[in-house]
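> Need the 3D shape of this:
(one chain, ligands or ions: 3)
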Amino acid sequence: MKRADPPLSPGLRPTRQRRAILHAVAAEERPVSAQDLHARLRRSGESAGLATVYRTLQALADAGVLRTFQTPAGEVAYKVCEPGHHHHLICTRCGRVEEIPSCEVEEWASTVAKRRGFSVSSHQADIYGVCASCGKRRRT
Ligand SMILES: [Zn+2]
Ligand SMILES: [Zn+2]
Ligand SMILES: [Zn+2]
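Ligands and ions are numbered 1, 2, ... in the order given. Below you'll find the model as predicted:
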């Protein structure tokens, strides 16, 4: 699935390097760690140093352009998320993150909250487990 790179945040100057890094993250199917991204960029001829890649990814995450996840190895990994409220299915084996655009938690969250006199401002829910292809691999 090919989609356009997300726009850089207005607070970030669109330098060539930032765009290249964002483009590389957007091309990944899974969240990618700074080290993996750095290695990939080098292979494609991009000269960004590891410290720059770290800093840029962090700046993009702080600006809300990227979201952070954890790799199965416990590293911080970055991903371009769909805009708007959504949820994730996260595979703890291969690190794949699936976007769930619909929200079926809303009603449950407000019911639970209301019962305790709590008014909801937001909620988060990600589901962790083993994805279909990892599950298949284990059985064969
Ligand atoms: Zn997402
Ligand atoms: Zn998996
Ligand atoms: Zn939701």
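> helix, strand or coil for the most centrally placed residue in the chain?
The structure's the chain has its C-alpha centroid closest to residue 79; by C-alpha atoms, centre = their mean the separation is 2.9 Å. The three-state assignment at residue 79 reads strand, by DSSP: H, G, I helix; E, B strand; the rest coil.
> ok, it to residue 28 distance?
7 Å (C-beta to C-beta, to the nearest Å). Every residue, glycine included, has its C-beta placed from N, CA and C.
> got any ranges where this protein has weak pLDDT?
For the chain, the stretches flagged by pLDDT under 70 are 1-3, 138-140.
> which residue ranges form the helices in it?
Using DSSP state H, the helices of the chain run over 16-27, 34-43, 50-62, 106-115, 132-139.
> what about those helices, which gets the closest to ligand 3?
Nearest to ligand 3 among these is helix 106-115 (5.5 Å), distances taken as C-beta to the ion.
> Let me know how buried residue 102 is, in neighbour terms.
9 (other C-beta atoms under 10 Å).
> typo on my end, it should be residue 78
Neighbours around residue 78, by other C-beta under 10 Å: 26.
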